[in-house]
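J.: would you be able to build a 3D model of this:
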Amino acid sequence: INNITDPRSVHGKRYPFEGLMTAIILGIMCGKSSYRQLGDFIENNGAFLRTHLNFKDALPKYVAVGNLLKQIGEKTSFFNNWAVERIKFDNNKKYWCSADGKALASTISNPSGAEQSLIQMVSIYCADMKSILSAKTYEGKKEYEADILIEMITELKTKNVEFCKNIIITLDALHCQKKL
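T.: Numbers count the residues shown, from 1 in each chain. Down below sits the predicted model:
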């Protein structure tokens, strides 16, 4: 959490950044995956969180969780840099990885209109290492999963060429393009 810069503006910082991020991480570790689920988790564990995470009066609601995660999602490079720095591999071994994108629950904007959009996330997961090598969020209406994945693989290759020579990435049919 110390490596993440608080993206919120100076005005309206109602909840401490470290406390809110810790509450979100705890919720995710407990299997909560949508903004509403994370908001409910915070509410249901309010006594504990107030005591240990410096929440003074009101607890954060799902809207505060969603707004913070959207702002941080725009700056996922800190995670990708951290993950690449920790890659330990054997040059004599091939590593199986998979890449896929998922829509994030409760992130739909304009649900009944023609201009619907969801926040989506693409990740590259290495099964042999049991870790995510890269992840990126994007707005589904403005960008495409295949283009985001090309950027991610290019960035991974730039940061660790030797490792990329030893990985096999499985993709779904959406990614069957000559560019990849």
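J.: can we go C-alpha only for contacts and neighbour counts from here?
T.: Will do.
J.: for this structure, which segments count as helices?
T.: 17-29, 35-44, 46-53, 62-73, 77-85, 145-159, 161-164 (DSSP state H).
J.: among those, which is nearest T137?
T.: helix 62-73 (5.7 Å; Cα to Cα).
J.: that closest one vs helix 17-29, what angle?
T.: If you take axes from the mean of the first three to the mean of the last three Cα atoms, to 10 degrees, helix 62-73 sits at 100 degrees to helix 17-29.
J.: so in this protein, where's the weakest helix or strand by average pLDDT?
T.: Least confident helix or strand, the chain: helix 77-85 with a mean of 67, by mean pLDDT, DSSP states H and E.
J.: turn the helices of the chain into CSV, including mean neighbour count.
T.: As requested, the helices of the chain are arranged in CSV below (neighbours: other Cα atoms under 10 Å):
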stretch, mean neighbour count
helix 17-29, 17
helix 35-44, 19
helix 46-53, 14
helix 62-73, 17
helix 77-85, 15
helix 145-159, 17
helix 161-164, 15
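J.: which stretch in those is the model least sure about?
T.: The minimum mean pLDDT among the helices of the chain belongs to helix 77-85 (a mean of 67).
J.: G46 contacts L59, correct?
T.: Yes: checked against Cα atoms under 8 Å, the pair G46 and L59 is within contact range at 6.9 Å.
J.: overlap of the contact sets of these two?
T.: Residues touching both G46 and L59 (Cα atoms under 8 Å, 6 or more residues apart in numbering): none.
J.: do I have it right that I119 meets E143?
T.: No: if you go by Cα under 8 Å, I119 and E143 don't touch, sitting 10.2 Å apart.
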